[in-house]
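**Student:** Pasting the sequence and the predicted model now:
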Amino acid sequence: MDIADQKKLLHGITIPPCPAILSQLMAEIKSPLVNNKKIAALIRQDVGIAAAVIRTANSPLIGGGRITSITSAVGMLGFKLIANLVNEALLRSAIDTHGASLERFWDSSRYTAIAAKRLANVVGRVNADTAYTFGLFHDCGIPLLTQRYPEYKSILREANQDTRQIFTDIEESALGTSHAVLGYYLARTWGLADAVTQGILNHHDYAQLEDPRNIHSEAHRLIALNVMAEIVASTHLRTVQDGEWRKAREAVSVCLGYTPTDLDDIIDDMVYQFDEALNHAEN
């Protein structure tokens, strides 16, 4: 599908513009004179972002400490993770729906991003911070479709349960567009890397994992890693929907150079780590 065809599938859905504070923050992070105090000052401008940073600094899966100040959180988490946390807070603010609970969606996105970052450190061949960004943004078109189409939740349920058809084919058959197309345009509008945007557009096309000549060289590995991260997150959250894993498992194996059994073991180990971190936090 070329760019012109993709634009036709937007069907009047407005893609949220990149927030000014994100542009300022990314410019500051790229500055050779960047420091914790400058980044902390920008973060304090938005209560939602500040809360997300403190929450993550004290999360058992990432920080696990007793951080109370933004400056301390920035120092502990590092600029790249801070940028991703700001992305998360702004993404949620920009596309959250009114009168509909999407808490499970946001929880799933957050845990998928964390799992993707950890899996990147285990599997290799993918930058861990890029994997986090991809995990966070890969499904960001879903809330946009929820806003636009009252019937989308039933379509989403059907696509999640189908173990044969391509997920986005089901969406396009019913709506004329898909969450992958919308996510692609949002990610481009927000200035994300080409590997991330192309990966989002193709993240349900598992044929690309075995023959990745048509997409960015890193995008197919991001897609493969993210499918694993999704099953980690859904298992940990007890919302297991393994239809996509069954469709993708063999292709992920080819892409990442592991046997399917090895991949299952890596996923099981990661779920155990997530569960143990949560249990430790509660006790």
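**Tutor:** Now that the structure is in, tell me what you want to look at. Residues are numbered from 1 along each chain as shown.
**Student:** Distance from the chain centre to the one helix or strand residue 135 maps to, please.
**Tutor:** Using DSSP states H and E, the element containing residue 135 is helix 128-137. Relative to the centre of its chain, helix 128-137 is centred 6 Å away, using CA atoms, centre = their mean, to the nearest Å.
**Student:** same check, this time on stretch 123-140
**Tutor:** For stretch 123-140, the distance from its own C-alpha centre to the chain's C-alpha centre is 7 Å (CA atoms, centre = their mean).
**Student:** how long is it end to end?
**Tutor:** 25 Å (CA to CA, to the nearest Å).
**Student:** Kindly report the domain assignment for this protein.
**Tutor:** Annotated domains of the chain cover 16-95, 101-283 [automatic domain parsing].
**Student:** how near is residue 106 to residue 118?
**Tutor:** In this view, residue 106 and residue 118 are 19 Å apart by CB to CB, to the nearest Å. Glycine gets a C-beta too; all of them are placed from N, C-alpha and C.
**Student:** before we move on, what about residue 218?
**Tutor:** In this view, residue 218 and residue 118 are 18 Å apart by CB to CB.
**Student:** what do you get for residue 241?
**Tutor:** For residue 241, the distance to residue 118 - CB to CB - is 21 Å.
**Student:** higher neighbour count, these two?
**Tutor:** residue 118 (20 against 14; other CB atoms under 10 Å).
**Student:** What helix or strand is that one located in?
**Tutor:** Counting by DSSP H and E, residue 118 is part of helix 103-123.
**Student:** Please spell out which residues along that helix are buried.
**Tutor:** Buried residues in helix 103-123, counted by 16 or more other CB atoms under 10 Å: 105-106, 108-120, 123.
**Student:** If I take it and helix 128-137, what angle do their directions form?
**Tutor:** Helix 103-123 and helix 128-137 are oriented at 160 degrees to each other (axes from the mean of the first three to the mean of the last three CA atoms, to 10 degrees).
**Student:** Would you mind extracting the C-alpha trace of stretch 224-234 into PDB?
**Tutor:** In PDB, the C-alpha atoms belonging to stretch 224-234 read as follows (Å, rounded to 0.1, in the frame of the first residue of the first chain):
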ATOM      1  CA  ALA A 224       9.000  -9.500  15.900                       C
ATOM      2  CA  LEU A 225      10.100  -8.400  19.400                       C
ATOM      3  CA  ASN A 226       6.800  -6.600  20.000                       C
ATOM      4  CA  VAL A 227       4.700  -9.700  19.300                       C
ATOM      5  CA  MET A 228       6.600 -11.400  22.100                       C
ATOM      6  CA  ALA A 229       6.200  -8.300  24.400                       C
ATOM      7  CA  GLU A 230       2.500  -8.300  23.800                       C
ATOM      8  CA  ILE A 231       2.100 -11.900  25.000                       C
ATOM      9  CA  VAL A 232       4.200 -11.200  28.000                       C
ATOM     10  CA  ALA A 233       2.100  -8.200  28.900                       C
ATOM     11  CA  SER A 234      -1.300  -9.900  28.300                       C
END
